[in-house]
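>>> give me a 3D structure for the following:
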Amino acid sequence: MVVGTNSTYQGINRCSYFYTTNGGLNWSGGILYPAFGILYCDPGIASDKLGNFYFTGDFGNWINPPLLGYLYCMKSSNGGANWVTDTFANCSPKMDDMPTICVDNSNSIYQNNIYVVYTQADTIHTTNSRNDSSNAYFCRSTDHGQTFSIPKRISKKAGIGIGFKRDYLEGCVCCTGPEGQVYAAWVDSIGVVFDRSIDAGNSWLDENIRISSLNDGWNYYLSYGCAYDGTPWIDCDNSNSPNKGTVYLSWIDNTGSLYRTDVWLSKSTNMGINWSQPVRVNNDPINLQNKAHYFTHIAVDQANGNLYCSFYDNRSAPNIAYIDLYLARSTDGGSTFANVKVNSNQFSLCSVYYGDYIGLAAYNNKVRPVWAEGNGSAGSIWTAIIDTFTIGIKPISNYIPENFLLYQNYPNPFNPATNIKFDLPKSTLVKIKIYDILGKEIETLVNEKLSPGTYEATWDASKYPSGVYFYRLTADDFSETKKMLLTK
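Residues are numbered from 1 along each chain as shown. As a prediction, this is how the structure comes out:
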């Protein structure tokens, strides 16, 4: 997990913490030792407007009772260099599993409130009784982590005990909105579930909202014996972009093929009451078998509203036992996504236990994904320094042109991809949008500030039918549209 803005970032994994003050080039860290027990798993991290970082997770050992998985929270007020002793521990008689944490960074009356959601399950982890239950719970702190409220159940439908993986209620996640709303989501055997509070968690919706069904529960198995969880992720656009207030939720689902999963995203523009039809985030051909996309994590760039999604992906692996980390970006409010591979070397899928999720932070076009890799019996943690994000765009000349110019795409006709070249005489915000034959905007190919030069952007039209399309370049006071032909 990772969180941060500009040059200061915090990263965690299980019981270790790492911090950087130079944008991720160098990292320091150590081991956390909570006073209540032994750190076990499922860390989460968040920061507030005062510069404090908060670390939450499970302590104890929930496989061997009586040391069950209780919750703790630790705090750092100096950028992660030091952490104070636990500020709370929810020592319920049941097992607490997979907490996530968020902080209200709005300008509302709830600013700097801390919220934690998690799964509370059966007393003994190894039970196989269908009489045991699992539910989504919520608690909060209004005093910068010194104390936390009594946990409150927010799931209306209980899952089954942890012994029945696909019927277990799993992966509670949370975020906040621009007016102090609290949003929470999780998955169960039926589908993806959402709930909302507009009063800092005092009250919630009368009924949970089901966003999407799941074809085969949330626990997936690949053809070569590895299993992975379908933990969702949620974030809200709190920037001043046109999509301010939009709530985004991503998850994975088996789309009907036994050995394939994809990353899906839905959004709400009315505080979670209604949700869009799911959009597939990974853009590889959907008919390929034995392709896995999982451990999705999304982050909204709160400086400009761009949406990022990271996930494991084996689309380009030489065989099904290896994977890569992919990063997708949407500049049109989650309607379309461009994908790029982040890591340099593919790594083994089943060699080590990777946990249940990865991390991602984005601010002012600076993106920091964090993920785990395994080769043999050793595991390692990685990040990437992405300060200029140009998916599908590449500079092809340092010569500064005299005028704006949009070239004819090539090849043309094309199938399935084509290149669009353009000249920029000065630094400016550049937009290239794609339209269908009816003039309906279907994709934003470029939406960012670029330096002077000549560039080339690639449009992959794999998911669109044959026909005439148009592309328009808008930069400064310049605008031009050209026609292209897709033939399949």
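>>> residue 281 reaches residue 328, doesn't it?
Yes: between residue 281 and residue 328 there is a contact under Cβ atoms under 8 Å: 5.0 Å. To be clear about C-beta, it is placed using only N, CA and C from the backbone, and glycine gets the same treatment.
>>> shared neighbours, those two?
Taking Cβ atoms under 8 Å, 6 or more residues apart in numbering as the contact criterion, the common neighbours of residue 281 and residue 328 are 263, 309, 311, 337, 339.
>>> quick one, grab the pLDDT at the second one.
The score at residue 309 is 96. That number is its pLDDT.
>>> ditto for the first one
Residue 263 is assigned 92 on the pLDDT scale.
>>> identify the residues contacting the strand or helix carrying it?
Residue 263 is located in strand 261-268, with elements delineated by DSSP states H and E. By Cβ under 8 Å, 6+ apart, the surrounding residues in contact with strand 261-268 are 192, 211-212, 220, 230, 246-255, 274-282, 286, 292-294, 296, 298, 309, 311, 328, 333-334, 337.
>>> buried only: go through those for me.
With burial judged by 16 or more other Cβ atoms under 10 Å, the buried subset of the contacts of strand 261-268 is 192, 211-212, 220, 230, 246-254, 275-276, 278-282, 292-294, 296, 298, 309, 311, 328, 333-334, 337.
>>> how many other residues sit next to residue 394?
Neighbour count of residue 394, defined by other Cβ atoms under 10 Å: 10.
>>> which strand or helix spans it?
strand 393-397.
>>> circling back to that earlier point, strands - which of the buried ones among the contacts of strand 261-268 land there?
With strands identified by DSSP state E, the entries of the buried ones among the contacts of strand 261-268 that belong to them are 192, 211-212, 220, 247-254, 279-280, 293-294, 296, 298, 309, 311, 328.
>>> do you know the pLDDT at residue 124?
In the prediction, the pLDDT value recorded for residue 124 is 51.
>>> how many residues are close by residue 441?
14.
>>> ok, it touching residue 431?
No: using Cβ under 8 Å, residue 441 is not in contact with residue 431; the gap is 10.7 Å.
>>> quickly list what's touching both of the two.
The overlap between the contact sets of residue 441 and residue 431 (Cβ under 8 Å, 6+ apart) is empty.
>>> what's the burial count for residue 32?
Each residue near residue 32 was counted by other Cβ under 10 Å, and the total is 20.
>>> which parts of stretch 265-275 are buried?
Buried residues in stretch 265-275, counting neighbours by 16+ other Cβ under 10 Å, are found at 265-269, 271-272, 275.
>>> show me the two of the residues you listed that sit farthest apart.
Checking those against each other with Cβ to Cβ, the farthest-apart pair comes out as 265 and 271, at 17.4 Å.
>>> how close does the closest residue to residue 302 other than its chain neighbours get to residue 306?
Of all residues beyond its chain neighbours, the one nearest residue 302 is residue 239 (4.8 Å), with distances taken as Cβ to Cβ, 6 or more residues apart in numbering. Computed with Cβ to Cβ, to the nearest Å, the distance linking residue 239 and residue 306 is 9 Å.
>>> okay, and the common contacts of the two?
Common contact partners of residue 239 and residue 306 (Cβ under 8 Å, 6+ apart): residue 300.
>>> quick one: which of those two has more around it?
residue 306 (25 against 18).
>>> skipping adjacent residues, who's closest to the more buried one in space?
Excluding its sequence neighbours, the residue lying closest to residue 306 (Cβ to Cβ, 6+ apart) is residue 331, at 5.5 Å.
>>> does that neighbour really touch residue 443, like I thought?
No: Residue 331 lies out of contact with residue 443 (Cβ under 8 Å); the separation is 9.8 Å.
>>> so where's the stretch 51-200 of the chain uncertain?
Of all residues in the stretch 51-200 of the chain, those with pLDDT under 70 make up the ranges 59-69, 85-93, 122-132, 161-166.
>>> where exactly do the strands run in the stretch 1-150 of the chain?
Assigned by DSSP state E, counting those that start in this stretch, the strands in the stretch 1-150 of the chain fall at 2-5, 8-13, 16-20, 28-31, 39-47, 53-59, 70-76, 88-90, 95-103, 114-121, 133-141.
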